[in-house]
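Engineer: sharing a sequence plus its predicted fold:
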Protein chains: 2
Amino acid sequence: MLTIGTLAKRTGTKVQTVRYYEQVGLLPEPDRTEGGQRRYGDSDLDRLAFIRHARQLGFTLEAIRELLDLSDNPNRSCEDVDRIAHHQLKEVEVRITRLEALRKELTRMLGECSGDTVADCRVLEVLRDHAACLTDHGQGA
Amino acid sequence: MLTIGTLAKRTGTKVQTVRYYEQVGLLPEPDRTEGGQRRYGDSDLDRLAFIRHARQLGFTLEAIRELLDLSDNPNRSCEDVDRIAHHQLKEVEVRITRLEALRKELTRMLGECSGDTVADCRVLEVLRDHAACLTDHGQGA
DNA sequence: CTTACAAGCTACAGTCGGTAGAGGTTCAAG
DNA sequence: CTTGAACCTCTACCGACTGTAGCTTGTAAG
């Protein structure tokens, strides 16, 4: 039987986060000691490791909830798993594209800075005037 | 004199967001009509455009606050502006690196999926077992 | 057996950057 | 004068945690 602290340490999670996952229903309510402290088994460890790994890959908790559901039904087709992972991949690719546009614009801005006073700072100028900006960047970051 | 709606439309901002920027001190408190409605001038338009543009480039509101401060003191050296922009560039680059690792891992995971049942789904397997994962991905997304 | 103290507990507030809604008021056109 | 779109304030909510306050429990040493 593991304490919450041990579980957290083994999965690289904070204790509060473990409790948070329980609160939002990603982890089942564990057994408790007489005094009310949580005690976990190996299945909890596996489940939490799964969650953490999926989080590191950028899946939302909602997606992880779905993946865990699917994982609990081994007979179903893995189509849904594929769909979720593909969706995640697409999201990642969109974000990369967007960030690369930002990198380009920031680099250009910085490259053109004379290093003089704020009055003729190229960076501020670009920020002030969108027309001076080459990138057609959309919304969000 | 512009209404908040007009200001919002011209800068591609939501009305609530304009009020939010005022609340957090990024926009000054504007004049009001007798009835209490906000009325803006061109300087507000410029300032809001600056904010929106910087947001599109991924700057935090805190960084934007600093940039606006610097922008108001044209005699200062633009070193600080440079520093902020460089910091932002670095952040963007870190995020790109990270997302590219994720893309790689997700692609690999998906490429290896047999398309069969959940029981032997490669995607879930990778999520279950970090050792099956090539990428040394850190934390966050 | 007692004491000390790390680690656990609950409950709630805060983070970031907005967004949404309720319920009421004002402005401008017809 | 009436209509109705746009405005107002206030409050709560999103995701995914993180931090704090104030208290209780578990365990190891003396």
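Structural biologist: Done, it's in. Numbering: from 1, shown residues only, chains lettered A, B, ... in the order given.

Engineer: C-alpha from now on. contacts and neighbour counts both.
Structural biologist: Will do.

Engineer: B:A101 versus A:H87, what's the distance?
Structural biologist: With distances taken as CA to CA, to the nearest Å, A:H87 is found 16 Å from B:A101.

Engineer: so between these two, which is more surrounded?
Structural biologist: B:A101 (18 against 14; other CA atoms under 10 Å in any protein chain shown).

Engineer: mind naming the longest helix for chain A?
Structural biologist: helix A:79-111 (DSSP state H).

Engineer: that one near chain B anywhere?
Structural biologist: Yes. On the criterion CA under 8 Å from any CA of the partner chain, helix A:79-111 is in touch with chain B at A:79, A:81-82, A:85-86, A:89, A:92-93, A:95-96, A:99-100, A:102-103, A:106-107, A:110.

Engineer: let me know the secondary structure of the residue nearest the centre of chain A.
Structural biologist: When CA atoms, centre = their mean is applied to chain A, the residue found nearest the centroid is A:G58 (3.8 Å). What DSSP: H, G, I helix; E, B strand; the rest coil gives for A:G58 is coil.

Engineer: how close does it get to A:D44?
Structural biologist: For A:G58, the distance to A:D44 (CA to CA) stands at 21 Å.

Engineer: so what's A:L57 closest to, chain neighbours aside?
Structural biologist: Spatial nearest neighbour of A:L57, chain neighbours left out: B:L102 (5.8 Å); criterion: CA to CA, 6 or more residues apart in numbering or on different chains.

Engineer: from memory the one you found sits against A:V92, does it?
Structural biologist: Yes. Counting by CA atoms under 8 Å, A:V92 is a contact partner of B:L102 at 7.5 Å.

Engineer: measure A:L110 to DNA strand D for me?
Structural biologist: Per CA to the nearest atom of the strand, to the nearest Å, A:L110 is found 29 Å from DNA strand D.

Engineer: for A:V24, same thing?
Structural biologist: 9 Å.

Engineer: please enumerate the helices of chain A.
Structural biologist: Remark: helices assigned in chain A by DSSP H are A:4-11, A:15-23, A:42-56, A:61-71, A:79-111, A:122-128.

Engineer: and among these, the most buried is which?
Structural biologist: helix A:122-128 (a mean of 22; mean count of other CA atoms under 10 Å in any protein chain shown).

Engineer: what does that helix contact?
Structural biologist: Outside helix A:122-128, the residues within contact range by CA atoms under 8 Å, 6 or more residues apart in numbering or on different chains are A:109-110, A:112-114, A:118, A:132-133, B:46, B:49-50, B:53-54, B:67, B:71, B:81-82, B:85.

Engineer: anything in it near DNA strand C?
Structural biologist: No. Judged by CA under 7 Å from any atom of the strand, helix A:122-128 makes no contact with DNA strand C; its nearest approach is 14.8 Å.

Engineer: give me the mean pLDDT for that helix.
Structural biologist: Helix A:122-128 carries an average pLDDT of 88.

Engineer: how far off centre is that helix?
Structural biologist: How far helix A:122-128 lies from its chain's middle: 32 Å, per CA atoms, centre = their mean, to the nearest Å.

Engineer: tell me how far the residue in chain A that DNA strand C sits nearest to lies from A:Q16.
Structural biologist: Proximity of chain A to DNA strand C (CA to the nearest atom of the strand) peaks at A:G5, 2.9 Å away. Distance, A:G5 to A:Q16, by CA to CA: 10 Å.

Engineer: and A:Q56, what pLDDT?
Structural biologist: As predicted, A:Q56 sits at a pLDDT of 91.
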